[in-house]
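1. sequence below, structure please.
(chains A, B and C)
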Amino acid sequence: MHRRTLSLAAFSIFLTAFTGCGKSGGGGIVIGEFASLTGKEATFGISSHEGTLLAIETLNAAGGVLGKNIELLTEDNQSKAGETSNVVNKLISKDGAVAMLGEVASSRSLEAAPICQESGIPMVSPASTNPKVTEVGDYIFRVCFIDPFQGTVMANFVTKTLKANKVAVFTDVKSDYSKGLAKFFKEGFVKNGGQIVAELDFNGGDKDFKAQLTAIKGATPDAIFVPGYYTDVALIAIQAKQLGIAVPLCGGDGWESQTLLDIGKDAVEGHYFSTHYASDAASPAVTAFVAAYKKRFNGKVPDAMAALGYDSAMFLVDAIKRAGSKESKALRDALAASKDYEAVTGKISINAQRDAVKSAVILQVKDGKFKYLETVAP
Amino acid sequence: MSSPLSPATPTCAGAKRWLIAGIILAVVVSQFSAQFNRYHLGILVDIGINIILAVSLNLINGHTGQFSLGHAGFMAVGGYTAAKISLVASPMLPPALQPVIFLVALLAGGGLSAMTGLAVGVPSLRLRGDYLAIVTLGFGEIIRVVVQNMESVGAASGLKGIPKYTSLGWTFALAAITIYFVTALVNSTYGRGFIAVSDDEVAASSMGINPVRYKVTAFVTGAFFAGIAGGLYAHHKQFLSPTGFDFLKSIDIVVMVILGGMGRTAGVVVAAILLTLLPEVLRQFSEYRMIIYSLLIIVLMMARPQGLFTWKRKKGGAA
Amino acid sequence: MDWLLQQLINGLALGSIYALIALGYTMVYGVLRFINFAHADVLMLGAYAAYFIAPAVSTVLPLPSLTGTLIIVLLSAMICAGIGMLIEILAYRPLRQRPRLTVLITAIGVSLFIEFTCQHKAVFGADTKPFPQLLPVHDFHLAGLVIGSNDLVVVVTTLLLLVGLWFIVQRTKMGTAMRAVSYNQQAAALMGININRIISFTFGLGSALAAIAGILYALKAPGIDPLMGVQPGLRAFIAAVLGGIGNLPGAALGGLLLGLLETFAGGISGLSNYRDGIAFAILILILLFKPAGLLGKATVEKV
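-> Alright, predicted model coming up:
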C-alpha cells in the first residue's frame, strides 16, 4: 500500500518534470543563457549576466530584431560541474532556444559546447579564454581574446615596458584559466629571451601564501606573474608586501574587480594586468555603456565580465539581423562572417577558429583605481 | 524486501525480480529513447547513474553501517579511467567495436576504483564512524589533488571530447545489475554478516563474523559500482573536470541514502529518482536548493533517522 | 639559511592559527566524543560578526587600536558563544542518546546549513568581503627576516588561550565537571552534575575560541567569505587528531607541526601544487601508525 502511494508520488513528480510547459514565448526569438549565478564563481556569472540583460533590454526597447521581441531565458548552473549540461539541454530541447550565450568559466563552456554543437545551436561565449572551447566545433564562438594572446601580451609588456629579465610565475593549480595563462606567458617570455627563475603553485581559495612567496623572494625576480583571480591576488599582494617583495606583480583579466582594490588597498598599488577593456577609456561606446549600466544597476561600475556579457548578446543579435533569420545554419554563417563589429570591448572579427581577434588593454592600479596604460593590437 | 532479521531464507527471488524488471524497463525505455528530447533523455540517464551511486553507497553506509564521505572520489577514479581508455581506444578500433570498448572501459574504471577502495578500506577499517568519515573525505580530496596535477587527463582544464557512449539502455541495465547484485549480496547467507556488523560490531565478532572482511568487501564492492557510475557519467557528460567530484558531490549521494533509509535498497532507489528530479522541477528556486538539502539532513536525522521511505524497521532490542 | 628561518617563521605563524582552531575541536571532542563539524563555520561567523561590529565600534573608538580590537573580539566571541550553545540545544541535544553516526551526519548538516545560508545573497552573499584592519600593523625586520605583528599576535594569543584553557579544565570546578562528563556522563549526572549545563558551557567556550580564531585568521588574510572556515577547519581537525584528539597540548603541537609541514612543502617548487593533499596524507598515516595521536592515550572501546 505504502509503496503504491510512494510510486504514485514519484510518478507524479516525474510527470510534472517532463510535461512542464514548453512555453514558446509568444513568437519571440528565444535566446538561452547559462551562467554561474550562485556558488563559488557567482561574482563573474552575475556580472556577465547583468551585461547580457542590459543588452537584451536595450535591444527590445529599440524594437527587438527581425520585427520580433527577444526573449532571454537564463539558467543558473550554480558554478557546478555536471549541472551545465542539464540546463543547456533544457534551454535547447524544452525552451526552444535558437542560440546560446555563456559562460565565463572555460570548464563550464566546455561542458555546454558539445551539446550546442550536436544540436546545431550556435553558442557565443562572452569570456571563456581557453583555446579548447571553440575547438569543439563550428557552432561555437567567442567574443573575447584567447589565453595565448593574453599571455603573449603580458610577456611582451613585461619584457619591453618593465624591462624585466627574470620573472617568477605563481599559478593557481586549481584553475584551468590560471594554468593556461601561465603556460602561454612562459612561452612568450622565454621566446623574448627572458628567464623564468621560479615556478610555484597555490590553490585558489588559499589564505596563506607566505611559503611560496618566500621561495619566490629567494629567487630575486624582476617581476612576478600571478595569473589568478582577484580575491587570491589581493591576499598575495598583501603578503608579498609584508615579506618585503618590492617588484611589480602582473596578471590577467581575472584581476579586474573592485574587490581587488577593496581588499588589497595599498598593497596592490602599482601592479599591472591585461584585460578586455578599460572603463575609463575615452571611446564614446564605452562611455555610453558605462552610463547605461550604472543607471540600470544602481551605480555599479561595469567590470570586464559585464562588458563582455553585453557584447556577446549584442554581437549575437547583430548576426541574427545580418542573417535575416533565426535558422541555425544561416545564423552560424552570419556569426562566422562577422568582421570589424564595433563592440564595447573593441573591434571584433571572427577568425577561422571562431575566436574573436581583438585588442587587449593593459591597466595599472594607481591611486586606488584602475588606470588605462596601453592598448595592444592582435 | 524481506526484513533483515528474518531467518536467512533464500531471498534472492526478490533481487531477481528487481533485475528482471529493471532489464525489461531498460530495454523498453531504450526502444523509445528517440522519442525523448535531449533534456529528458539527459535527466533519465542522470537518474540511472544516481541510482547506481546511491545503491552502492548504501552498501557501505547503510547495510554495513560505516560512513563514507568519499563516494565522489571513487566515481572520479572510475570516470577518468574509463574516459581515458575510450579516448585512446576509440580512434584505433572500428566503430562496430564501440560497445566492446565501452564495456572494457567501464569495467576497467570499476576495477581501478575497486582497487582504490581496497587501498582506502584496509587502513581505514580500524576506525570508527567519525574518523572514517574524515578519512574518506580526505581521500576524496587527495584524489582531486592528484587528478588536478595529472596532465595526461587534462589536469585542471579537464578532459574533453569523451565519446558519447552512455545510453538509456546501458544506464538502466547497469542500474538493474547494481541493484540485483547488492540486494543478492546482502540477502545471501554471507551477506547477513553486513547487517550483523552494522548492528553491533562487537557482538558480530563474538559470533565468529570477521568485521574487517565484511567492511572491506562492502568498500570494494561499493567502490566498484561507483566507478562504473563514474564511467557512465563521463560518457554521458562528455567532459570531466576535477572540481566535479568534490565533497558536495559525495554529500549529494549521502543525502539520497539518508532520505531513502540507510540499508533500504528500495527506498534509496526512490530517493535517488526524487532527488534527481526535484531540482529540475524547482529550477527557479535553485538558489535555495542547498539550503533545503542541509535542512533536510538535520530534520531527517532528528525525526526519521531511518529514512523517509521506510515504514517497518524492526531493529532488535533497545538501540 | 635565511630562507629556512623565514619559512620557519611562516610555518609557526600558520601553525599557531591551526593550533588555535584545533583547541576548540579537541575540547568539544574531549567532552562529547564527537566532531563538531560546525566549528569551522562558527569561525567564519566570528569573522563576519567582527566585520559588522567594527564600523559600530569605530564610531566610538578609533580603529585600528588595541582596545577597539579587544572590544570587537569580546563581542564577537560572545555572539558566537551564543550561536554555539544554540546549535547544541537545537541540533545536538535532542540526539544525545542516538548512535554517534546520527550525530555526525547532523553535524555535517548543520555545517552545510550555515555555509549555504550565509552564501545566499540575502544573508552575506558568496562574494569575498574586505576585512577591516583592526590592529596597527608593523613588520619587524631582523637580519633579512620579516616577522609580521599580526603573526606575533596570533602566536601570543594561542599560547595565552592554551594556558587559560588548561587552567579552566584542570583547576576550576567547571573544568572538573567537564572532565567528569567526559569520563562518564551517567556517573557524572549521578554525582549531581548538571550535564546540560556543562555541555552548553563547553560549546559556548569552544565557539568563543572559534570566533577569536576567525578574527585572527581574517586579520592575517583580510578577505572573508562564507566558506573561509572550511579549509582551516579541516586542517585544524587533522591537527587535533595528529596531536591526540581530546588533548589540549596535543592540539597545539599538532597545529604547529602541520603548519610547518605545509609551509616547507609550499616553498618547494614542484611540491607546492600538492600542498592541499599533504594534511590528508598525514592524517591517513597517523591513523595507520598511531591512531591515538602523538600525545594521546590509546583507549579500548568498552562493551
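2. any idea of the mean pLDDT in stretch B:293-306?
-> The average pLDDT within stretch B:293-306 is 86.
3. helix, strand, or coil at the spatially most central residue of chain A?
-> Nearest to the geometric centre of chain A sits A:Ala127, at 2.5 Å (C-alpha atoms, centre = their mean). For A:Ala127, the assignment made with DSSP: H, G, I helix; E, B strand; the rest coil gives coil.
4. wait, what's in contact with it?
-> Contact analysis of A:Ala127 by C-beta atoms under 8 Å, 6 or more residues apart in numbering or on different chains lists A:44, A:48, A:103-104, A:142, A:144, A:253, A:276, A:304-305, A:308-309. Any C-beta I mention is one placed from the backbone N, CA and C, and that applies to glycine too.
5. next step: the residues you listed restricted to strands.
-> Using DSSP state E, the subset of these located in strands is A:Arg142.
6. ok, so of the contacts of A:Ala127, who is nearest C:Pro226?
-> A:Phe44 (17.0 Å; C-beta to C-beta).
7. distance of that closest one relative to A:Pro227?
-> The gap separating A:Phe44 from A:Pro227 is 15 Å, by C-beta to C-beta, to the nearest Å.
8. in terms of neighbours, single out the busier of the two.
-> Neighbour tally, A:Phe44 and A:Pro227, criterion other C-beta atoms under 10 Å in any protein chain shown: the higher count belongs to A:Pro227, 31 against 26.
9. check what pLDDT the closest residue to the more buried one other than its chain neighbours gets.
-> Leaving aside its sequence neighbours, A:Pro227 sits nearest to A:Leu181 (C-beta to C-beta, 6 or more residues apart in numbering or on different chains; 3.8 Å). Here, the pLDDT recorded for A:Leu181 equals 93.
10. same check on A:Gly151?
-> 94.
11. check B:Pro10 too.
-> Residue-level pLDDT assigned to B:Pro10 equals 41.
12. single out the residue in the stretch 201-303 of chain C that lies closest to chain B.
-> C:Phe280 (3.3 Å; C-beta to the nearest C-beta).
13. burial count for the closest residue to chain B within the stretch 251-378 of chain A?
-> Of all residues in the stretch 251-378 of chain A, the one sitting closest to chain B is A:Gly254 (13.7 Å; C-beta to the nearest C-beta). Per other C-beta under 10 Å, the neighbour tally for A:Gly254 reads 27.
14. just checking, it touches A:Val226?
-> No: between A:Gly254 and A:Val226 there is no contact under C-beta atoms under 8 Å: 9.3 Å.
15. between the two, what contacts are shared?
-> The contact lists of A:Gly254 and A:Val226 share A:Val233, where a contact means C-beta under 8 Å, 6+ apart.
16. contact partners for B:Phe36?
-> B:Phe36 neighbours (C-beta under 8 Å, 6+ apart): B:Leu44.
17. next one: phi and psi at the spatially most central residue of chain B?
-> For chain B, the residue nearest the mean C-alpha position is B:Leu53 (1.8 Å; C-alpha atoms, centre = their mean). Main-chain dihedrals, B:Leu53, degrees, to the nearest 10: phi -60, psi -50.
18. how near is it to B:Leu240?
-> 15 Å.
19. what does A:Phe297 give?
-> Distance from A:Phe297 to B:Leu240, by C-beta to C-beta: 36 Å.
20. show me which of these two is the more surrounded one.
-> B:Leu240 (29 against 17).
21. for the more buried one, give me phi and psi.
-> B:Leu240 has phi and psi values of phi -120, psi 140 when expressed as degrees, to the nearest 10.
22. so A:Ile121, which state does it fall into?
-> At A:Ile121 the chain is in coil, as set by three-state DSSP.
23. surely it is in contact with A:Ile140?
-> No: with contacts counted by C-beta under 8 Å, A:Ile121 stays clear of A:Ile140, the gap being 9.9 Å.
24. who in the stretch 201-303 of chain C is up against chain B?
-> Residues of the stretch 201-303 of chain C lying close to chain B (C-beta under 8 Å from any C-beta of the partner chain) are C:234, C:237-238, C:241, C:273-274, C:276-277, C:279-281, C:283-284, C:287-288, C:291, C:301, C:303.
25. quick check on the residues you listed: which are buried?
-> Using 16 or more other C-beta atoms under 10 Å in any protein chain shown as the burial test, those include C:234, C:237-238, C:241, C:273-274, C:276-277, C:279-281, C:283-284, C:287, C:291 as buried.
26. all strands for the stretch 201-303 of chain C, in order.
-> For the stretch 201-303 of chain C, the strands defined by DSSP state E, counting those that start in this stretch occupy C:223-224.
27. below-threshold pLDDT in it: ranges please.
-> By pLDDT under 70, the weakly predicted segments of the stretch 201-303 of chain C are C:298-303.
28. looking at the stretch 201-319 of chain B, what residue ends up closest to chain A?
-> Nearest residue of the stretch 201-319 of chain B to chain A (C-beta to the nearest C-beta) works out as B:Gly244 at 3.0 Å.
29. right, and that residue touches A:Gly82 too?
-> Yes: the criterion here is C-beta under 8 Å, and B:Gly244 meets it with A:Gly82 at 5.3 Å.
30. contacts only, for the residue nearest to the centre of chain B.
-> Contacts of B:Leu53 by C-beta under 8 Å, 6+ apart are B:71, B:75, B:225-226, B:229, B:253, B:256, B:272.
31. if we check chain A, which of the residues of the stretch 201-303 of chain C next to chain B are in contact?
-> Of the residues in those, proximity to chain A by C-beta under 8 Å from any C-beta holds for C:273, C:276.
32. in contact with B:Ile51, which residues?
-> By C-beta under 8 Å, 6+ apart, B:Ile51 lies in contact with B:175, B:178-179, B:269, B:272-273.
33. now the residues you listed in CSV, with secondary structure?
-> Shown next, in CSV, are the contacts of B:Ile51 (three-state DSSP):
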residue, secondary structure
B:Ala175, helix
B:Thr178, helix
B:Ile179, helix
B:Val269, helix
B:Ala272, helix
B:Ile273, helix
